[in-house]
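Novice: Have a look at this prediction, sequence included:
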Amino acid sequence: MNNELIIREYNSEDKPKLLEILKLNVPKYFAESEIVDLDNYLDHEIDKYYVLVFENQIIGAGGINFEENNTIGKISWDFIHPNFQGIGAGTKLLKHRLDILKSMHEIKTISVRTSQLVYKFYQKNGFVLKEVQNDYWAPGFDLYNMIYEQ
């Protein structure tokens, strides 16, 4: 299936489908309140954002944001349609963004802020846990701040 997955840049017409997919991940991986956060992010906070397509259907998305004069690259707003989780789709999307960040010589640090629900995914892909803040995203959704170290 990995060869059939296409990654392309986000465009504004993708937004309704992405909000729909995020809602399918509530409450298992995201709090209800994060739907509004994604809506705002897509309108105002994107630096680079990508959608994952399988058989002409969007099945996930994930972004990159930059901080500290573009020396920090942050993996942001990853999510995959529940029917496509666990088959390598998220890994392909993450590796795509890691390759972009590693090719940018000004990037000194790659980080991700995630939750206790999916931090092990990032851990197995080279991220190391640096900080935990309880109930950061919403009650029951802790912040797991991680740094890429490969």
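Specialist: Great, that's in hand.

Novice: contacting residues for the residue minimising distance to the centre of the chain?
Specialist: Central residue of the chain (Cα atoms, centre = their mean): residue 78, 2.0 Å from the mean position. If a contact means Cβ atoms under 8 Å, 6 or more residues apart in numbering, then residue 78 has 60-63, 90, 93-94, 112, 114 as its contacts. Any C-beta I mention is one placed from the backbone N, CA and C, and that applies to glycine too.

Novice: mind redoing it with 7 Å?
Specialist: 62, 90, 93-94 (Cβ atoms under 7 Å, 6 or more residues apart in numbering).

Novice: Which of these fall within helices?
Specialist: Within the contacts of residue 78, residues falling in helices by DSSP state H are 90, 93-94.

Novice: So which of those is surrounded by the most neighbours?
Specialist: residue 93 (24 neighbours; other Cβ atoms under 10 Å).

Novice: any chance of the contacts of residue 78 in TSV, with distance to residue 22 and pLDDT too?
Specialist: Listed next are the contacts of residue 78 as TSV, based on distance: Cβ to Cβ, whole Å; pLDDT from 0 to 100:
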residue	distance to residue 22	pLDDT
62	12	99
90	14	97
93	15	98
94	17	98
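
Novice: of all those, which comes closest to residue 150?
Specialist: Residue 150 lies nearest to residue 94 out of the contacts of residue 78, by Cβ to Cβ, at 12.0 Å.

Novice: Once you drop chain neighbours, what's closest to the closest one?
Specialist: Among residues not flanking residue 94 along the chain, residue 125 sits closest, at 5.8 Å (Cβ to Cβ, 6 or more residues apart in numbering).

Novice: My guess is that neighbour contacts residue 96. True?
Specialist: No: with contact defined as Cβ atoms under 7 Å, residue 125 does not reach residue 96; the gap is 12.0 Å.
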